[in-house]
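[1] Need coordinates for the following:
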Amino acid sequence: MNDGGGEDARLRLAREVADTRQRVTLGGLFYLAGWIVVGGFASVYARHALLGGVIASAFLVLAALRVMIRVPAAGAPADEQQVWLDRQWMVVLATAALWGAVLTWALLDPAFLPARPAALLCSIAYATAYAHNFSMRRDRALLGIVLIYLPAPALLALDPQATATAVTMAVYFIYVLSILFRSHGEYEHRLDMDEALRRQRDQYEQLSRTDPLTGLANRRHFGVVLEQLSTQSLRAQSPLTLLVLDIDHFKRINDEHGHDAGDACLVRFAERMDLVFRMPGVHLARLGGEEFAVLLPGTGAAGAMIVAERIVQDVRGGLWLKRPVTASVGAAAVLPGDDPNRLVARADAALYAAKRAGRDRALFQSGE
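    Reported below is the predicted structural model:
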């Protein structure tokens, strides 16, 4: 799986955790309320006080566990989020199984006859809620619905006097399954749409930071990085050097060879610079036209000039076009109390000085 797929899976899992957390919070209390009603009409608490109390307590504990299981923090690892989901599903399915047992008791014990309509209505409601609220995991939701609902049509079919009710419950079971499958499809579609929108947003963000011709960072993004690195450099009292690079006589290249050739030259220059500056922390950008810039964190004036001279020699020795191509470089370092604008101004001044001195060279601007 590629990194994008892994990120998509992580975000889908995080969304499922958030949706599950929202939907499990109050559901357990409805099972407790259903048992209180069914048990009350069947006089369970008078005839089987201990068992009735145990069942009520079990529903209460299961309802509390839905809230008590610690929710993973935002950005938690995927395995931690999956463990939380599995635990929640254990609680939810245990609640479904307990209600299925209650329903089975109500249908088999004649003493529950006054409470059977309430038990059946609760089963219908709980199964429908499952289909709507827990469709994120279709197979698990299907198991929960079976545990809650299936005792009704199965046991009612054994009673000749309840045939109509059994058929009705069976038909509604099919309807609940259709709700589950539809809800699951809609949920997956919503996740797919969210994923597509996120990818589109990331693509637009990438385009806003990238020069379309060379694929390097553009001036806007470079300005953000420059401000961040300047602040970090001054705070940590570590060196930071800026190189401004310019292809010499670039207008002549466009005039003599055409703009397509000029664009090709820019692309080749950017590719070459990208190879040269593949050091950790280095930031390379196209500022516009034939002008490029490089930020060298942790590099002082001496080291920056070695790099700048290497660039000049590398461009001079390359087979770019039918005519020689050279580059000029201006360099400047962050000074105490500096700001990004002054750093750029000094690097530009060094670049213009290199051009006035005959181009095809690198110069360093040490002060204002």
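[2] ranges for the strands of this structure?
    240-247, 283-288, 291-297, 327-333, 362-365 (DSSP state E).
[3] Make TSV out of these and add mean pLDDT and distance to residue 267.
    Placement of C-beta: from N, CA and C, glycine included. Listed next are the strands of the chain as TSV, based on pLDDT from 0 to 100; distance: least, C-beta to C-beta, whole Å:
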stretch	mean pLDDT	distance to residue 267
strand 240-247	92	12
strand 283-288	92	10
strand 291-297	93	12
strand 327-333	93	15
strand 362-365	90	23
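[4] With mean neighbour count and distance to residue 25 added, can I get the ones you listed in TSV?
    Formatted as TSV, the strands of the chain follow (neighbours: other C-beta atoms under 10 Å; distance: least, C-beta to C-beta, whole Å):
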stretch	mean neighbour count	distance to residue 25
strand 240-247	25	51
strand 283-288	20	47
strand 291-297	23	48
strand 327-333	26	58
strand 362-365	22	63
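[5] Save these as a markdown table, and put in distance to residue 308 too.
    Formatted as a markdown table, the strands of the chain follow (distance: least, C-beta to C-beta, whole Å):
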| stretch | distance to residue 308 |
| --- | --- |
| strand 240-247 | 6 |
| strand 283-288 | 13 |
| strand 291-297 | 9 |
| strand 327-333 | 4 |
| strand 362-365 | 4 |
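[6] for these, which one sits closest to residue 216?
    strand 283-288 (4.8 Å; C-beta to C-beta).
[7] ok, back up a step: of all the strands of the chain, which one is nearest residue 90?
    When the strands of the chain are compared by C-beta to C-beta, strand 283-288 sits nearest residue 90, at 49.3 Å.
[8] what does that closest one rub up against?
    Contacts with strand 283-288, where a contact means C-beta atoms under 8 Å, 6 or more residues apart in numbering, come from 211, 213-214, 216-219, 221-222, 225, 229, 244, 266, 270, 273-274, 277, 292-295.
[9] try 6 Å
    Strand 283-288 is contacted from outside by 211, 214, 216-217, 219, 222, 225, 273, 277, 292-295, using C-beta atoms under 6 Å, 6 or more residues apart in numbering.
[10] Residue 23 is in contact with residue 133, correct?
    Yes: if you go by C-beta atoms under 6 Å, residue 133 and residue 23 touch, sitting 4.4 Å apart.
[11] ok, which stretches of the protein are helices?
    Counting by DSSP state H, the chain has helices at residues 3-24, 27-41, 44-47, 49-68, 78-108, 116-133, 138-149, 151-156, 163-209, 219-236, 250-257, 259-276, 301-316, 340-356.
[12] For residue 362, list the residues it contacts.
    308-309, 312, 329.
[13] Show me which of the contacts of strand 283-288 is closest to residue 346.
    Checking the contacts of strand 283-288 against residue 346 by C-beta to C-beta gives residue 293 as the nearest, at 12.7 Å.
[14] Would you mind measuring from that closest one to residue 180?
    58 Å (C-beta to C-beta, to the nearest Å).
[15] rewinding a little: out of the strands of the chain, which is closest to residue 156?
    strand 283-288 (72.5 Å).
[16] and the residue nearest to residue 97 when sequence neighbours are not counted, how many neighbours does it have?
    Nearest residue to residue 97, sequence neighbours excluded (C-beta to C-beta, 6 or more residues apart in numbering): residue 147, at 4.8 Å. Look at residue 147: counted by other C-beta atoms under 10 Å, it has 22 neighbours.
[17] Tell me who's in contact with residue 147.
    96-97, 100.
[18] Out of these, grab the one that's most surrounded.
    residue 96 (25 neighbours).
[19] mean confidence for stretch 200-208?
    What stretch 200-208 shows for mean pLDDT is 75.
[20] One more: stretch 12-19?
    So the average pLDDT for stretch 12-19 ends up being 89.
[21] Give me the buried positions along that stretch.
    12-17, 19 (16 or more other C-beta atoms under 10 Å).
[22] So which of these is the closest to residue 351?
    Using C-beta to C-beta as the measure, the one of the buried residues of stretch 12-19 that approaches residue 351 most closely is residue 14, at 47.5 Å.
[23] roughly how far apart are the closest one and residue 78?
    Counting by C-beta to C-beta - residue 14 and residue 78 are separated by 8 Å.
[24] ok, now residue 263?
    In terms of C-beta to C-beta, residue 263 sits 44 Å off from residue 78.
[25] Next: residue 281.
    Residue 281 is 29 Å from residue 78, by C-beta to C-beta.
[26] of these two, who's got more company?
    residue 78 (14 against 11).
[27] give the contact list for that one.
    10, 13.
[28] again with residue 304
    Contacts of residue 304 (C-beta under 6 Å, 6+ apart): 241, 296, 331.
[29] so how far is residue 19 from it?
    Distance from residue 304 to residue 19, by C-beta to C-beta: 52 Å.
[30] Could you do residue 280 as well?
    40 Å.
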